[in-house]
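> 3D, please:
(chains A and B)
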Amino acid sequence: MIRRMASVLHARNLEFLRDRGTLVFTLLLPVMLVIGMGFVFGGPQRPLFKVGVLAAQLDRQAHPFLRERYVEFVPMPEQGEALHKLTHQQIDLLVDLRQPPAYWVNTDSPKGYMVEKLLLAAEPGAHRQPVTGAALRYVDWLFPGILGMNMMFSCLFGVGYVVLRYRKSGFLKRLHATPLSAFEFLSAQVLSRLGLILFVTIILYAGIGAIIRFRSAGSLALLMLLAVLGALSMIALGLTVAARFSSEELVGGILNLLTWPMMLLSGIWFSLEGAPRWVQWVAHVFPLTHVLDAARAVMLDGAGLAQIAPNLLFLAITTLAFLALGAWSFRWRID
Amino acid sequence: MLAPGESSANRTVTTPIIEVRDLVKQYPATTAVAGVSFTVAPGICFGLLGPNGAGKTTTVEIMEGILPPTSGEVRYRGEPLGTRFREEAGILFQRTALQDFLTVRQCIALFRGLYSHGLDVEEVIRLCALEKLAGRDSRKLSGGQQQRLLLAIALVNDPAVLFLDEPTTGLDPQARRNFWELVESIKAQRKTIVLTTHYMEEAELLCEEIVILDRGRIVAQGPPRRLLREHFAEVLLELPRPEFPEQARQLPLRILETSDRVEITTDDLEETLRTLLAAKVPLTNLRIRPPNLEDLFLELTGHELRP
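You can find the predicted model right below:
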């Protein structure tokens, strides 16, 4: 069994590596995207003081500091979430003006330093609690999205169209006449694509990291595990789509039907915080949403295995479900 | 003519390697195979003949385990088709595409890796005279070279039974003859070959036994020479159809007309020639030849075998 899988895997790898056009495109597109996005969004932050206020609603009359000009005050009912934003310099200062007054300042933030002076002028006795953390640029937030998007396209279209091409050309029918089983064939396709995706992702991670110093706070091993499970889940989804059909138009349509909602709702380009609950619920049906949520948690916040375990579990379960569905509905030949 | 399922002398003394029993394949609009039974003795070249649409490829694909029958069964060495059959069968389909960007040697190595036993890749390359092409991209082969590669792939597991589905269709005469020589060398190794073809010359040259299919049914079965002997007198006269006068069609002769010629079979050549001369039939372009399988098909079905 291993020998048969290895033969198919080796041949598929050779086929891909010699297809120079596809290889170059696979590597070049995400690099171009990230460089472009970094160029557009990676510049210095706009000079604006933004202060979080621990309160359900903002009452400007409650304290003289809240009447300062050129400062945007944002009410924040959750202290944990507010501190998270302060750590990433998404706000410059966090204040609790109830008695006794206290505030949190990010000592790595120049704007935090400035706005702290304003607060102390209005409230000299406030209790200071320092935090640290580099500013979160859009490109830091975007980078996992780009990696995930590249992974999604490579998984779905790469595997789906390859299997479809093999079926239409009769190559699958020829393989069917050998002792090779559907499971062995599908496993070899999954492994070949997985190896390619991991290789490309590592190259991108290292290469783009050298160009744009993006934030990566968490464990690389955990990111690798996430990449493996995320790729497996999406490859299995691609195989399921291509398992039965012989029409390029139909398979292309189904793949587009899957990729476009993922492009819009999985959080590649923007966060879904604040979107209606049903949109968030729909988004969490997609494997890519779980990949990106977990990747950002690891890269931006240094999350550990326990924090992203639900995402990993979702990816593992969907991998098995998609593979089972794909193997069950697999057709070697055009009916 | 032998009834379907009737044994030839060859098969009565040996256990068949393949048995086909009451095979039926129905599609929504048509019945491709309508109750076909025969056996294949080991070590022979067995031919499945018939025009396009006769049910040859459907029958052979059911025999190969690629297509499920609607009813009936195929047994290999007395057992239903299974792992042993897949390990021991070599198959050359009518049309097969291989993976892109692989060389001839890599294509053969890929398939060699799918079998637990077989020949060395280099040996298969030598057997099929592919030495000079081994490093070439498989997509850049001529038709004849491509068929040799597909034959090499079919031989890579050193098969006990080899299926060749219209292997020389579309090849030029020289490439076809080269392919026949390869098949002859495989036959010399006492491998069982199941050959489908609509080239009668191919079947007469290579097959020890044939089944002729028409519209999904067997119309004749047995060794080619015996079938010809049973169905034909000694000679066949052929005349261009435009030169055959209308009144001559009423002559007391066994006359068959095709699209371009008139064929007369006879066991008394002199008497037939006298009859034709008396009827003032022009004999300038007369051709006298022994009957072949194509004539047999025409005799049995009333229509031509050519696609």
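
> from here on, contacts and neighbour counts on C-alpha atoms
Fine.

> neighbours of residue A:232, how many?
Around residue A:232 sit 26 other residues, with neighbours defined as other Cα atoms under 10 Å in any protein chain shown.

> cool, residue B:250 as well?
Applying the criterion other Cα under 10 Å, we find 9 residues in the vicinity of residue B:250.

> next structured bit after the helix or strand of chain B with the lowest mean pLDDT?
Least confident helix or strand of chain B, by mean pLDDT, DSSP states H and E, is helix B:9-12 with a mean of 44. Next in sequence after helix B:9-12, counting helices and strands by DSSP states H and E, comes strand B:18-26.

> in stretch B:272-280, what's buried?
For stretch B:272-280, the neighbour count (16 or more other Cα atoms under 10 Å in any protein chain shown) marks B:272, B:275, B:276 as buried.

> tell me the secondary structure at the first one.
Pointing back at residue B:272 there. helix (DSSP: H, G, I helix; E, B strand; the rest coil).

> which non-adjacent residue is nearest it?
Distances taken as Cα to Cα, 6 or more residues apart in numbering or on different chains place residue B:266 nearest to residue B:272, at 7.1 Å, with adjacent residues excluded.

> what's around that neighbour, how many residues?
Residues within reach of residue B:266, counting by other Cα under 10 Å, total 19.

> please name the nearest non-neighbouring residue to residue A:133.
Nearest non-adjacent residue to residue A:133, counting by Cα to Cα, 6+ apart: residue A:87, 4.7 Å away.

> would you mind measuring from that neighbour to chain B?
Computed with Cα to the nearest Cα, to the nearest Å, the distance linking residue A:87 and chain B is 52 Å.

> likewise residue A:103?
Counting by Cα to the nearest Cα, the separation of residue A:103 from chain B is 65 Å.

> okay, and the closest residue to that residue other than its chain neighbours sits in which element?
Nearest non-adjacent residue to residue A:103, counting by Cα to Cα, 6+ apart: residue A:95, 4.2 Å away. Assigned by DSSP H and E, residue A:95 belongs to strand A:93-96.

> which residues does that strand contact?
Identification of contacts with strand A:93-96 by Cα atoms under 8 Å, 6 or more residues apart in numbering or on different chains yields A:50-55, A:82-83, A:86, A:101-106, A:112, A:115-116.

> if we can go back for a sec, per-residue confidence at the residue nearest to residue B:272?
Listed pLDDT for residue B:266 reads 82.

> quick check on it: phi, psi?
Main-chain dihedrals, residue B:266, degrees, to the nearest 10: phi -150, psi 150.

> so where's chain A shaky on pLDDT?
Applying pLDDT under 70 to chain A flags the ranges A:20-23, A:25-27, A:29-31, A:33-48, A:135, A:273-275, A:335.

> now it against chain B: closest residue?
In chain A, the residue that lies nearest chain B is residue A:4 (4.5 Å; Cα to the nearest Cα).

> in three-state terms, label that residue for me.
Of the three states, residue A:4 takes helix under three-state DSSP.

> which bits of the stretch 151-300 of chain A sit near chain B?
Counting by Cα under 8 Å from any Cα of the partner chain, the positions of the stretch 151-300 of chain A adjacent to chain B are A:166, A:169, A:170, A:171, A:173, A:174, A:176, A:177, A:178, A:179, A:180.

> quick check: phi and psi on residue B:261?
The phi/psi pair for residue B:261 (degrees, to the nearest 10) is phi -150, psi 170.

> I figured it hits residue B:255, correct?
No - the criterion here is Cα atoms under 8 Å, and residue B:261 misses it with residue B:255 at 10.5 Å.

> low-confidence ranges, the stretch 101-250 of chain B, go.
If you take pLDDT under 70 as the line, the stretch 101-250 of chain B has these spans: B:232-234.

> can you name the residue of it nearest chain A?
In the stretch 101-250 of chain B, no residue comes nearer to chain A than residue B:114, which is 4.5 Å away by Cα to the nearest Cα.

> residue A:155 and residue A:240 touch, don't they?
No - counting by Cα under 8 Å, residue A:240 is not a contact partner of residue A:155; they are 11.5 Å apart.

> could you pull up the residues touching the residue of the stretch 101-250 of chain B closest to chain A?
A:3, A:4, A:7, A:178, A:179, A:180.

> okay if I get these as CSV plus neighbour count?
As requested, the contacts of residue B:114 are exported to CSV (neighbours: other Cα atoms under 10 Å in any protein chain shown):
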residue, neighbour count
A:3, 14
A:4, 23
A:7, 21
A:178, 23
A:179, 21
A:180, 21
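
> quick one: which of these is nearest to residue B:139?
Using Cα to Cα, residue A:7 is the member of the contacts of residue B:114 that lies nearest residue B:139, at 19.6 Å.

> quick one on the thing from earlier: adjacent strands (with direction) for the strand holding residue A:95?
Using DSSP bridges, the strands paired with strand A:93-96 are strand A:49-53 (parallel), strand A:102-106 (antiparallel).

> list, one by one, the residues from the stretch 151-300 of chain B near chain A.
Counting by Cα under 8 Å from any Cα, no residue of the stretch 151-300 of chain B is near chain A.

> kindly state the beta-bridge partners for residue B:196.
Beta-bridge pairing of residue B:196 under DSSP bridges involves residue B:48, residue B:165.

> roughly how far does it sit from residue B:17?
17 Å (Cα to Cα, to the nearest Å).

> between the two, who's got more neighbours?
Taking neighbours as other Cα under 10 Å, residue B:196 and residue B:17 compare with residue B:196 leading, 26 against 18.

> hang on, the earlier thing: wait, which of the buried residues of stretch B:272-280 is closest to residue B:60?
Nearest to residue B:60 among the buried residues of stretch B:272-280: residue B:272, at 42.1 Å, using Cα to Cα.

> distance check, the closest one against chain A.
53 Å.

> how far away is the residue of the stretch 101-250 of chain B closest to chain A from residue B:56?
Per Cα to Cα, residue B:114 is found 27 Å from residue B:56.

> for residue 279, list the residues it contacts.
In the absence of a named chain, chain A is used. Counting by Cα under 8 Å, 6+ apart, residue A:279 makes contact with residue A:265.

> to clarify, I was referring to chain B.
Residues in contact with residue B:279 (Cα under 8 Å, 6+ apart) are B:247, B:248.
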